[in-house]
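*Asks:* Give me a model of this one.
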Amino acid sequence: MATQFASIAPIPFPAPRSVRIAYSASPAAIAVRDKLVDLPEHKRDATLEELAVIALADEVVAQARDVLSPSMFEAFLGWAEAATLVETEHGRDDDAPNDKVDDLDTAFAAIKATRSVNHHDIGLKTYVSLIEHGDCPSFGPVAKTPAGYPGRQLGLIDDLLRMSPLLGPLNQLAETAWSFSPPAAFADNIGRAIAARFTAARSSGDAATSVAATNSAAHAGSQWDVLAAVYHAALAVENAYEQQFCLIDNALPVGLERSAAIDSVPVHHWAEIERLAQLRIDAEQKLLNCPSPTASAFALKVLVCRGGGREFNAIDELLEREAKRFADVDPAAAWSRGLATYEAALAAYDVHYRDVLLPADARYNEGTAQWPAGYDFAADPVAKAARDAVDYRDVEDHSNELVSAYVDAMRKLLMLPGRSVADLATKLEILKREEGSTLTDIDDIVGQLAADARAIAGGISASEVK
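*Replies:* Numbers count the residues shown, from 1 in each chain. You can find the predicted model right below:
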């Protein structure tokens, strides 16, 4: 049964004469009332089920905005809105009103006509195609694709949902909407709540702003300029607020005086500076993820990293790739060096493992075999001295360093553009041998493999794929 937050006022009902009913305006009740008033209208009057799909829909919009190319993002919003409304009135395409079906056909044609720029665009097109041609409900999920359909037989559906941060939540949104609906169609309130979020994203200017930043290298600067402007504005607002309300003298040593200065700032100012800092971090991250259109833009990225205290850290490989691009490094030479570095690092580890680590482990096991597992060496100086004599933790530490070196070389090699089928085969063999699915950046590596395959199939250099 749906639960609706409409009012916290007492509900009138007849009471026995011996019972007195009163509403207590407690601090908790007042706080709840005030929070409800502050909520946006589409959340304040929503049921729990509607709130659930609204949250998922907002997540889908956010992910789509981040990963899809601008033109594909606009086409996606149109398709999502139209497909949801068809699913609401009533179920599959052939049951819906003609005008809704026409809108969906137009939206599907828009996605078809939009050129894919990255692997997320291709993933979305594949997902929509599976829905459109797989006898699925208009908005999905693809989990309802018939068992005999080629996409399911090939395992394509599972691959799609894993490879993209957009398609998993999109499919989950459809599944959740159906869980709150009758079998034939989305419940009216559920379908319209979802469609309203896509409508809001289209009308808010998100799509128009994204399309203004186009996908080609010739227009990459406009996207960068927008993101850079947002970042600088967010940084300026954060700095101004901190200077006015949260400035603490850095000369104060850690101690009572500094703590008193921090405590003298009202809590709501600290909360606001945290909110502004998060906005700046979000803008910063989007800027760093945007390809640098010029060398000066790349220089700004470096300064942002250093100024943010990162000292490159998590994005050092991204910066390295961009630096090489502006330095005009020969792709063939880069691949040869990367492969040689990986092979040398792997060979160094293999030799160490065979000639040093294994013998050390054997000596340790032989030297400590006379004592049972869990033996208290600390209480037996003679046994402790015998164990320490064969201890090989320093060998293990060096082994770990060699592992890190060859894994790092492997990851860098896998992210280099492959120039031929032989290069692509080398990458796939490495991934299979090293169980590459466990790598933390496997999604980026798979994206590079896809770019390699497209470039090789098209007869162009993978380094030219944008």
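
*Asks:* which of the residues in the helix or strand encompassing Ala229 are buried?
*Replies:* Take DSSP states H and E as the rule and Ala229 turns out to sit in helix 220-245. By 16 or more other Cβ atoms under 10 Å, the buried positions in helix 220-245 come out as 220-221, 223-224, 226-228, 230-231, 234-235, 238, 241-242. The C-beta positions use only the backbone N, C-alpha and C, and glycine is treated the same way.

*Asks:* Then stretch 355-373?
*Replies:* Buried residues in stretch 355-373, counted by 16+ other Cβ under 10 Å: 357, 360, 364, 368.

*Asks:* Touching that stretch from outside, list them.
*Replies:* Stretch 355-373 has contacts (Cβ atoms under 8 Å, 6 or more residues apart in numbering) with 377, 383, 386-387, 389-392, 395-396, 398-399.

*Asks:* And the pLDDT for the residue nearest in space to the middle of the chain?
*Replies:* Taking Cα atoms, centre = their mean, the centroid of the chain lies closest to Pro165, which sits 5.5 Å from it. For Pro165, the pLDDT comes out at 82.

*Asks:* Isn't Pro70 up against Gln223?
*Replies:* Yes - applying Cβ atoms under 8 Å as the test, Pro70 and Gln223 come out as touching, 7.4 Å apart.

*Asks:* quick one, phi/psi of Pro165?
*Replies:* Main-chain torsions, Pro165, degrees, to the nearest 10: phi -70, psi -10.

*Asks:* List the residues that contact the residue nearest to the centre of the chain.
*Replies:* Going by Cβ under 8 Å, 6+ apart, Pro165 touches 63, 66-67, 443.

*Asks:* make it 10 Å
*Replies:* By Cβ atoms under 10 Å, 6 or more residues apart in numbering, Pro165 lies in contact with 59, 62-64, 66-67, 120, 123, 443.

*Asks:* which of these tops the neighbour count?
*Replies:* Across those, neighbour numbers were computed from other Cβ atoms under 10 Å; Ala64 holds the maximum, 28 neighbours.

*Asks:* Which helix or which strand is home to that residue?
*Replies:* Ala64 belongs to helix 48-67 when assigned by DSSP H and E.

*Asks:* Tell me the first helix or strand C-terminal of that helix.
*Replies:* Using DSSP H and E, the helix or strand that follows helix 48-67 in sequence is helix 70-88.

*Asks:* That next one vs helix 220-245, what angle?
*Replies:* In terms of direction (axes from the mean of the first three to the mean of the last three Cα atoms, to 10 degrees), helix 70-88 departs from helix 220-245 by 80 degrees.

*Asks:* Go ahead and produce CSV holding the CA coordinates of stretch 113-126.
*Replies:* Below are the C-alpha coordinates for stretch 113-126, written out as CSV (Å, rounded to 0.1, in the frame of the first residue of the first chain):
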residue,chain,number,x,y,z
ALA,A,113,20.3,9.2,-36.5
THR,A,114,22.8,10.3,-33.8
ARG,A,115,26.4,9.3,-34.5
SER,A,116,28.0,7.4,-31.6
VAL,A,117,31.1,9.2,-30.3
ASN,A,118,32.1,6.9,-27.4
HIS,A,119,31.4,3.3,-26.2
HIS,A,120,28.7,4.6,-23.9
ASP,A,121,26.8,5.9,-26.9
ILE,A,122,27.2,2.5,-28.6
GLY,A,123,26.0,0.8,-25.5
LEU,A,124,22.9,2.9,-25.3
LYS,A,125,22.1,2.3,-29.0
THR,A,126,22.5,-1.5,-28.4
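
*Asks:* Can you pull out the low-pLDDT segments for the stretch 51-200 of the chain?
*Replies:* Applying pLDDT under 70 to the stretch 51-200 of the chain flags residues 90-98, 134-135, 143-156.

*Asks:* I meant to write the stretch 351-466 of the chain there.
*Replies:* Filtered on pLDDT under 70, the stretch 351-466 of the chain yields the residue ranges 458-466.

*Asks:* swap the cut-off to 50 and go again
*Replies:* Residue ranges of the stretch 351-466 of the chain with pLDDT under 50: 459-466.

*Asks:* and Gln278, what does it touch?
*Replies:* 234, 238.

*Asks:* other SSEs contacting the helix holding Ala64?
*Replies:* Helices and strands touching helix 48-67, as assessed by 3 or more Cβ pairs under 10 Å, 6 or more residues apart in numbering; DSSP states H and E, comprise helix 41-44, helix 70-88, helix 119-133, helix 167-179, helix 188-203, helix 206-212, helix 267-289.

*Asks:* And that helix, what's buried?
*Replies:* Buried residues in helix 48-67, counted by 16+ other Cβ under 10 Å: 49-54, 56-57, 59-61, 63-65, 67.

*Asks:* Repeat that for stretch 289-306.
*Replies:* For stretch 289-306, a neighbour-count test (16+ other Cβ under 10 Å) marks 290, 292-293, 297-298, 300-301, 304-305 as buried.

*Asks:* repeat for stretch 421-436
*Replies:* 423-424, 426-427, 430-431, 434, 436.

*Asks:* Likewise for stretch 166-178?
*Replies:* Neighbour counts over stretch 166-178 (16+ other Cβ under 10 Å) mark 166-167, 169-174, 176-178 as buried.

*Asks:* Export those to a markdown table and append columns for distance to Phe198.
*Replies:* Listed next are those as a markdown table, based on distance: Cβ to Cβ, whole Å:
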| residue | distance to Phe198 |
| --- | --- |
| Leu166 | 13 |
| Leu167 | 16 |
| Pro169 | 13 |
| Leu170 | 11 |
| Asn171 | 16 |
| Gln172 | 16 |
| Leu173 | 11 |
| Ala174 | 13 |
| Thr176 | 15 |
| Ala177 | 13 |
| Trp178 | 17 |
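
*Asks:* Looking at those residues, which is nearest Glu322?
*Replies:* Set against Glu322, the nearest of the buried residues of stretch 166-178 by Cβ to Cβ is Leu166 (24.4 Å).
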